[in-house]
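**Q** Just a sequence and a predicted model for now, questions to come.
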Amino acid sequence: MTVVTIHQAKTNLSKLLAMVEAGEDVTIARGKEPIAQIVPLKKQGKRQYGTLKGLVSAEDESVFAPMTDDELAEWGLL
């Protein structure tokens with residue numbers, strides 16, 4: 001892990017981002033105290049639709065019914 005000061009971070013931002021893209025964590029410090037960290041983002045996989053098909057069901061069809069005024073009031077929607 002690389003530790004840089006705020007001044008170094010401002011001066012070398014492009015280089016630091018290249019290091020992060022390569023998988024390294026960079027910590028930015030004010031003096032000797034760390035205050036922020038730049039880390040690589042985790043790449044998200046491709047979404048697969050329908051992965052829960054057949055695993056999730058609504059036993060009672062009332063779950064699809066509109067909410068009553070009392071229920072809406074409980075949720076603070078009225």
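**A** That came through, no problem.
**Q** in the host helix or strand of His7, what's buried?
**A** In this assignment (DSSP states H and E), His7 forms part of helix 6-11. For helix 6-11, a neighbour-count test (16 or more other C-beta atoms under 10 Å) marks Gln8, Ala9 as buried. For every residue, glycine as well, the C-beta is placed using N, CA and C.
**Q** I'd like the mean pLDDT over that helix, please.
**A** Here helix 6-11 scores 97 as its mean pLDDT.
**Q** packing partners for the next helix or strand after that helix?
**A** Stepping forward along the backbone from helix 6-11, the first helix or strand reached (DSSP H and E) is helix 13-21. Helices and strands touching helix 13-21, as assessed by 3 or more C-beta pairs under 8 Å, 6 or more residues apart in numbering; DSSP states H and E, comprise strand 2-5, strand 26-30, strand 33-38.
**Q** So which residues make contact with the shortest one?
**A** Right, strand 2-5. For strand 2-5, the external contacting residues (C-beta atoms under 8 Å, 6 or more residues apart in numbering) are Asn12, Leu16, Met19, Glu24, Asp25, Val26, Thr27, Ile28, Ala29, Arg30, Gly31, Pro34.
**Q** from the middle of its chain, how far away would the one helix or strand in the chain whose mean pLDDT sits lowest be?
**A** Within the chain, no helix or strand scores below helix 69-74, which has a mean of 94 by mean pLDDT, DSSP states H and E. Remark: helix 69-74 is offset 32 Å from the chain centroid, using C-alpha atoms, centre = their mean, to the nearest Å.
**Q** Pull that helix out as CSV, backbone CA atoms only.
**A** Output for helix 69-74, consisting of C-alpha atoms alone and laid out as CSV, is shown next (Å, rounded to 0.1, in the frame of the first residue of the first chain):
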residue,chain,number,x,y,z
ASP,A,69,-55.4,3.5,3.9
ASP,A,70,-54.3,2.3,7.3
GLU,A,71,-51.3,0.5,5.9
LEU,A,72,-50.3,3.6,3.8
ALA,A,73,-50.6,5.7,7.0
GLU,A,74,-48.3,3.3,8.9
